[in-house]
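J.: Here you go, sequence then predicted model.
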Amino acid sequence: MKIRLTLICVLLSIFLLFTACDGNKPPENSVNELNPDNTIQPVSDYALETVAVKDAYGVLYDFADTKAYPVSVRYGGAQLNQGYKSLTLEAQRLLYNEMEESVYYIAQEPDGELYDVLDIKIWNVELSEAEIRQVIVAFSLDKPHIFWLDNKFGYANTTGSTILQLYSFLSADEVSRYSDELNLKIQELHLGLLSDMTEYSREIYIHDWLISNCNYAEDVSKISDDFLSFTSYGAMVNQKAVCEGYTRAMQLMLATVGIESLPVLGNGNEGLHMWNGIKLDNEWYYVDATWNDTEKGSGYDYFNITTEQLLFDHTILPVYSQLTEEQICGIDDGVADSFNLIVPVCSSTAQNYFVKNSLIVNDLDDISKENIKTGLRVAQGSLAETVTLRISDSLDYEDTLDELFYSGDYIFFECLDAVNEELEENFFDRNNVSISKKPHLKVVTVILQYTDEV
């Protein structure tokens, strides 16, 4: 989901009210504010649709012979079972396990555009539609590598037992072939792993790989447009996905390098949206790779953020236990509510991208000034286009930005001038400094330009 930024530049000309001791007129300090207009239209087609169970008499099935997805030899794999653990009934867990077997048995011939999956029978137990929906969501939550199922299902309760019918977009041969292609892409991903990578460094490697290799599917608005764009296969092999595809690809890739994660469902920009909860060092964080996929490459505004930071522009859908059976099944109005099974509480900032990679402004004294100067020197050494400042939680965000850019000692311009005096070429263009405010993250990104003379 590519983020389009509409940049509204407001030139704020600020004149110093005093003159330098040598009588020279001090330089004009100006900063352009870049106000992002987030026009993303998040897309997910996650809602399950109930259809009638068909008579499967005479249907012949083929077995999709697939191999387990490869895991890193160095880092091992992570177990994905949060969905399974959320199930409370033994019959639900049995249905989940039977689904894991049946999804590889696919009808030889399609019925219309879909193939029947071998139906499942749970004897002597009648599961309600709401309980079945919980199992299907739990299965989907744990299985990002199973990408061929439609979101339609049929069920029936007969003679005290439960029958479940699932449907596949692909034939058994296609499932085998596509799975092999996905596994090859995972192996390609693993080639870039280095020795002794921390969980954080593995996570950011996978995040950046996904964003570099996947484009948001602008032409897809529902699963029937291109079901693969909603899958890990679409994101990793076809290099095209909507938010659900980004999320499931992140989950799968992280699992192959030993990091547990899960999809979280909610709303963003007034549309159904999906992102990841990721567990690092026994703490949960949120990552929205789709919204980090900007026109300029990998962004990090939604990389390991807290629940509080996420709720600035996302909402989280309720968990299953908070909804009535009527809401879960759409009994009243025919529209079933989507829901989460697991919503992690994310409160740590230890692994937040900006905490680990920004220039920290703890106060406005000489120590922070030297920190800013050091960051500018590093940026100039590589002609970096941006430098990011994170304002300490102990400081007021707007007051600190005022001191840095708009009034008082104009601390940022003071630091910029000091670094320019050290340079012989590629000076910072102090007349073309822009900032992008991110108050909910307590971050300000400074956009830099360079000039041949001061």
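T.: Right, received. Where do you want to start? Treat the numbers as computed from the prediction; the structure is a model and nothing was measured. Residues are numbered from 1 along each chain as shown.

J.: May I ask you to confirm that N357 is in contact with T388?
T.: Yes. Applying Cβ atoms under 8 Å, one finds N357 in contact with T388, separated by 7.2 Å. For the C-beta atoms, the positions are set from N, CA and C on the backbone; glycine is no exception.

J.: between those two, which one's more packed in?
T.: A direct count of neighbours by other Cβ atoms under 10 Å for N357 and T388 places T388 higher, at 19 against 12.

J.: contacting residues for the closest residue in space to Q322 that isn't next to it in sequence?
T.: Leaving aside its chain neighbours, Q322 sits nearest to F339 (7.8 Å; criterion: Cβ to Cβ, 6 or more residues apart in numbering). Residues in contact with F339 (Cβ atoms under 8 Å, 6 or more residues apart in numbering) are 137, 265, 317-320, 322-323, 328.

J.: Also S201?
T.: Shown in contact with S201 (Cβ under 8 Å, 6+ apart): L194.

J.: do the same with L404
T.: By Cβ under 8 Å, 6+ apart, the contact set of L404 is 361, 364, 389, 410-412, 444.

J.: how close does it get to E49?
T.: Distance, L404 to E49, by Cβ to Cβ, to the nearest Å: 53 Å.

J.: Repeat that for E425.
T.: Distance from E425 to E49, by Cβ to Cβ: 63 Å.

J.: can you check H440 too?
T.: Per Cβ to Cβ, H440 is found 36 Å from E49.

J.: Pick out whichever of those two has more residues nearby.
T.: Neighbours were counted for H440 and for E49 using other Cβ under 10 Å; H440 has more, 16 against 13.

J.: Under a three-state scheme, what state does the more buried one occupy?
T.: helix (DSSP: H, G, I helix; E, B strand; the rest coil).

J.: can you tell me which residues contact it?
T.: Contacts of H440 (Cβ under 8 Å, 6+ apart): 309, 312-313.

J.: In JSON lines: the contacts of F339, plus neighbour count and secondary structure.
T.: Putting the contacts of F339 into JSON lines (neighbours: other Cβ atoms under 10 Å; DSSP: H, G, I helix; E, B strand; the rest coil) gives the following:
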{"residue": "V137", "neighbour count": "22", "secondary structure": "helix"}
{"residue": "L265", "neighbour count": "23", "secondary structure": "strand"}
{"residue": "L317", "neighbour count": "19", "secondary structure": "coil"}
{"residue": "P318", "neighbour count": "15", "secondary structure": "coil"}
{"residue": "V319", "neighbour count": "13", "secondary structure": "strand"}
{"residue": "Y320", "neighbour count": "18", "secondary structure": "helix"}
{"residue": "Q322", "neighbour count": "12", "secondary structure": "helix"}
{"residue": "L323", "neighbour count": "17", "secondary structure": "coil"}
{"residue": "I328", "neighbour count": "21", "secondary structure": "helix"}
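
J.: What is the end-to-end distance of stretch 103-117?
T.: Chord length of stretch 103-117, first to last residue, is 6 Å (Cα to Cα, to the nearest Å).

J.: do stretch 60-80 as well
T.: Start-to-end span of stretch 60-80 (Cα to Cα) is 32 Å.

J.: And for that stretch, what's in contact with it?
T.: Applying Cβ under 8 Å, 6+ apart, the contact partners of stretch 60-80 are 104-109, 116, 118, 141-145, 171-173, 175-176, 179-180, 182-183, 186-187, 190, 193, 195, 197, 202, 251-252, 254-262.

J.: Sounds good, over and out.
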